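S.K.: next input, structure requested:
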Amino acid sequence: MLIIAMILDAALGEPDWLWSRVKHPAVVMGEAIAALDVRFNTGTHRRARGIAVVAVLVCAALAIGWLIALVPDFGLLEILGAAILLAQRSLVDHVRAVADALRRSLAEGRASVAMIVGRDTADMTQAQVARAAVESAAENLSDGVIAPAFWFAIGGLPAMLAYKLVNTADSMIGYRTERYADFGWAAARLDDGLNWIPARLTAVVMLASHFALRHWHRVPNDAAQHRSPNAGWPEAAIAPLLDLSLAGPRSYDGTPTEFPWVNPTGRKDAGPDDIDGACAILWRTWAGALILAGGAALLQPAARALFDFFTF
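M.R.: Numbers count the residues shown, from 1 in each chain. Have a look, this model is predicted:
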């Protein structure tokens, strides 16, 4: 089912004719989280409230996924649900749009990259726009494709729905700000945990699919420089493939922030062609993940038979 879902997502993406008429599940998740934020992120005991909210949301996601899986339709709804929750085609389209905009003008490039990153973009140079797009491509490949596919492989649609809900919650309330430091604590910590394996798996598949595992020895050290325990892994893998230095100084809400360079010996002068290169890497890594999913599907019956044999 996962293989079919991945192919459907890659082929169809997120068609405007559908999602302009029907709310995307991610939008519904976002609206639910926003409503609960307004209702419960007040007063005292905010961390406890945040934990309770995340627990209820995860249980609801698991229940919905379980009910869908019970429908006697030969897995059709599960396949469609998984395809909708994957974001390969959408990610590539959004990243490639930055390259196209940057070729037209720096102003258009800044406006386009602002749609996929959270940092300040108004004063970005061409190189900063390009590097930001590449970093977003790598991080979102893990969050939007490899991680949901991983959790579908582990626990079917219920696990995938729960992961997507936690990831959405983290993107909305998982900030270390005065408002969310306590209320968003559970969402942020759970998202870190759920992405721990997928982030590292993304880096491995990315390098392996390019026959470039020779770069692996640098990845853990570069990844450790990142402020996120997970986002640094795919960034550290994509940087040497493009011979780019990523991360480095940037600005958030008008405040300049220094970050160590990932792959510091790489080029810092990036452009639209590097964004195109990142898109090609996204597709090749997706193909590697598809092969991995196929191999896992083939091995699953043998593994189950072996388990049954030794536990008989």
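
S.K.: going forward, measure contacts between C-alpha atoms and count neighbours the same way
M.R.: Noted.

S.K.: how about low-confidence regions in the chain?
M.R.: 300, 302-312 (pLDDT under 70).

S.K.: for this protein, which helix is longest?
M.R.: helix 272-311 (DSSP state H).

S.K.: what's the spacing between that helix and its chain's center?
M.R.: Taking C-alpha atoms, centre = their mean, to the nearest Å, the mean C-alpha location of helix 272-311 is offset from the chain mean by 16 Å.

S.K.: that one packs against which elements?
M.R.: helix 2-12, helix 88-104, helix 126-141, helix 185-209, helix 232-242 (3 or more C-alpha pairs under 8 Å, 6 or more residues apart in numbering; DSSP states H and E).

S.K.: give the next helix or strand downstream of the longest one.
M.R.: This means helix 185-209. helix 219-224 (DSSP states H and E).

S.K.: in that next one, what counts as buried?
M.R.: Residues of helix 219-224 classed as buried by neighbour count (16 or more other C-alpha atoms under 10 Å): 219, 222-224.

S.K.: who are the packing partners of it?
M.R.: Against helix 219-224 (3+ C-alpha pairs under 8 Å, 6+ apart) you get helix 232-242.

S.K.: paired strands for the helix or strand just after the helix it packs on, with orientation please.
M.R.: Moving toward the C-terminus from helix 232-242, the next helix or strand (DSSP H and E) is strand 246-247. Strand 246-247 sits in its sheet next to strand 261-262 (antiparallel), going by DSSP bridges.

S.K.: and the contacts of the partner strand?
M.R.: By C-alpha atoms under 8 Å, 6 or more residues apart in numbering, the residues outside strand 261-262 that reach it are 222-223, 225, 235-236, 239, 245-248.

S.K.: could you rerun that using 10 Å?
M.R.: 218-219, 221-226, 232, 235-240, 244-249, 268 (C-alpha atoms under 10 Å, 6 or more residues apart in numbering).

S.K.: for Arg21, state which of the buried residues of helix 219-224 is nearest.
M.R.: Arg21 has its nearest neighbour among the buried residues of helix 219-224 in Ala223, at 40.7 Å by C-alpha to C-alpha.

S.K.: name all residues that make contact with that closest one.
M.R.: Here Ala223 is in contact with 200, 229-237, 262-263 (criterion: C-alpha under 10 Å, 6+ apart).

S.K.: just the buried residues of those residues.
M.R.: Neighbour-count burial (16+ other C-alpha under 10 Å) applied to the contacts of Ala223 gives 200, 230-237, 262-263.

S.K.: between the residues you listed, which is nearest Phe211?
M.R.: Using C-alpha to C-alpha, the buried ones among the contacts of Ala223 come closest to Phe211 at Ala237, 12.1 Å.

S.K.: excluding chain neighbours, what is closest to that closest one?
M.R.: Spatial nearest neighbour of Ala237, chain neighbours left out: Ala203 (5.3 Å); criterion: C-alpha to C-alpha, 6 or more residues apart in numbering.

S.K.: would you check that that neighbour makes contact with Leu241?
M.R.: No - contact between Ala203 and Leu241 fails when scored by C-alpha atoms under 10 Å: they sit 11.2 Å apart.

S.K.: contacting residues around Leu57?
M.R.: 29, 32-33, 36, 51, 63, 162, 165-166, 169.

S.K.: and if we set it to 8 Å?
M.R.: Leu57 neighbours (C-alpha under 8 Å, 6+ apart): 162, 165.

S.K.: now the helix or strand hosting it and helix 185-209, what's the angle there?
M.R.: Assigned by DSSP H and E, Leu57 belongs to helix 46-70. For helix 46-70 against helix 185-209, the angle between stretch directions is 50 degrees (axes from the mean of the first three to the mean of the last three C-alpha atoms, to 10 degrees).

S.K.: what separates the helix or strand following helix 46-70 from the chain centre, distance-wise?
M.R.: Next in sequence after helix 46-70, counting helices and strands by DSSP H and E, comes helix 76-85. Counting by C-alpha atoms, centre = their mean, helix 76-85 is centred 17 Å from the centre of its parent chain.

S.K.: put the alpha carbons of helix 76-85 into PDB.
M.R.: Only the C-alpha atoms of helix 76-85 are listed here, as PDB (Å, rounded to 0.1, in the frame of the first residue of the first chain):
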ATOM      1  CA  LEU A  76      -8.200   1.800  -0.900                       C
ATOM      2  CA  LEU A  77      -9.000   4.500   1.600                       C
ATOM      3  CA  GLU A  78      -5.700   3.800   3.400                       C
ATOM      4  CA  ILE A  79      -3.800   4.200   0.200                       C
ATOM      5  CA  LEU A  80      -5.600   7.400  -0.700                       C
ATOM      6  CA  GLY A  81      -5.100   8.800   2.900                       C
ATOM      7  CA  ALA A  82      -1.400   8.000   2.800                       C
ATOM      8  CA  ALA A  83      -1.000   9.600  -0.600                       C
ATOM      9  CA  ILE A  84      -2.700  12.700   0.600                       C
ATOM     10  CA  LEU A  85      -0.500  12.900   3.700                       C
END
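
S.K.: I appreciate the help and will end here.
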